[in-house]
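[1] The sequence and its predicted three-dimensional model are supplied below.
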Amino acid sequence: MKTEQLNTQYGIADQLQFIDGKGGFPNVEISNGKAKALISVYGGQILSYQPANEPEDLLFLSTRAYYQQGKAIKGGTPICWPWFGPDPEGLGRASHGFVRNRLWTVMGTHTTEDGATAVTLGVVNTPETTEIWPQTFELSITYTVGETLSIELKTQNTGSQEFSISQALHTYFKIGDINRVQVLGLNGSDYIDKVDGGQQKTQQGVVEFSEECDRIYTEPPAKLIIDDAALDRRINITSEGSKTAVVWNPWVENSASMGDLEDTDYQRLLCVETANAAQDIVNVLPGQAMSIKAHYSIER
Ligand SMILES: O=P(O)(O)OC[C@H]1O[C@@H](O)[C@H](O)[C@@H](O)[C@@H]1O
């Protein structure tokens, strides 16, 4: 659908409009007095969120991101679904699933009672998705843009067979300096250390960064905090429906080797992901639905 039609059907005067974004992909632009946001219909992915009076974006978005059919946009919140990480069946399918690199559809927009603006995007099975993953589903994501940003990713099994998923809201947070950032709330939590051969470890104290970090925390608390000394702010992350948190920073070599990151971008990004991953696989029965949610707020 063209942006003109999208605006006629789903635009909200003085709050929400559709614009043509990079690569010709439609974007949802929200500005409602509480916050501003930019959401890409491609990938069903939020790219920018900035509360009123907050000088910096919540989210990191790479200046070298690709905006091309078949490629994921590096930054904001890419959606990993129906699997997180490498192809779980080893069939050579793309890492992190197949919805972060396709166009979603707009399902609805509305204003909430407290003046936030919400938009829902979705993907359903098609003959093309069936070739990749032979399941019948409806996936939707709702972004509610207010003083906080809330994200709900909902999986519905609309077929007659049970299926299993892993998933993640692969959020890239903007940070001032990775050397001066801490993740709070994980002390005592077990994790799988992907940069140390998948060893099981237990977090001691806060998480700090001085090398590549790729960890799957298997029983994290619902609330985590990114304490960012350089930007002088805290990001509160509250998760619902997920039993896994992923903490990832690519560090020097991976940043330099990724074509869609600047060499020094590892200093400015940190992924803390609300997920179901590793052993945390979710079975969805026919006719059933399950959701994960994340709520993000900035404190100064
Ligand atoms: O560059 P991508 O495909 O977005 O993935 C980046 C990273 O995503 C993280 O979630 C994984 O834990 C890492 O192992 C992975 O390298």
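    Done, it's in. Residues are numbered from 1 along each chain as shown.

[2] what sits against residue 60?
    Shown here is residue 60, whose contacts under the criterion CB atoms under 8 Å, 6 or more residues apart in numbering are 75-76, 172-175, 265, 268-270. For glycine as for every other residue, the C-beta is placed from the backbone atoms N, C-alpha and C.

[3] for residue 222, that is, sorry about that
    The neighbours of residue 222, taking CB under 8 Å, 6+ apart as the test, are 238-240.

[4] Got phi/psi on it?
    phi -70, psi -30 (degrees, to the nearest 10).

[5] Return the distance of it relative to residue 273.
    Distance from residue 222 to residue 273, counting by CB to CB, to the nearest Å: 14 Å.

[6] all helices in the stretch 101-250 of the chain, in order from the N-terminus.
    With DSSP state H, counting those that start in this stretch as the criterion, the stretch 101-250 of the chain has helices at 127-132.

[7] Tell me the residues of it that contact the ligand?
    If contact is defined as CB under 6 Å from any ligand atom, the residues of the stretch 101-250 of the chain in contact with the ligand are 170, 194, 214, 246, 248.

[8] Which two of those have the greatest separation?
    Checking these against each other with CB to CB, the farthest-apart pair comes out as 170 and 194, at 14.3 Å.

[9] These two: which is more packed in?
    Neighbours around residue 170 and residue 194, counted as other CB atoms under 10 Å, are more numerous at residue 170. The numbers are 24 against 17.

[10] is it true that residue 30 touches residue 37?
    Yes. Shown here, residue 30 and residue 37 form a contact pair, counting by CB atoms under 8 Å, at 4.4 Å.

[11] Quick check: neighbours shared by the two?
    The overlap between the contact sets of residue 30 and residue 37 (CB under 8 Å, 6+ apart) consists of 117, 145.

[12] And the pLDDT at residue 279?
    Confidence per residue is given as pLDDT, and for residue 279 that number is 95.

[13] Look up how far residue 83 lies from the residue nearest to it when sequence neighbours are not counted.
    Computed as CB to CB, 6 or more residues apart in numbering, the closest residue to residue 279 that is not its neighbour in sequence is residue 218, at 7.1 Å. When CB to CB is applied, the distance between residue 218 and residue 83 equals 17 Å.

[14] same thing with residue 274?
    Remark: distance between residue 274 and residue 83 (CB to CB) = 16 Å.

[15] Would you agree the residue nearest to residue 279 is in contact with residue 244?
    Yes. Taking CB under 8 Å as the contact criterion, residue 218 and residue 244 are neighbours in contact, 6.3 Å apart.
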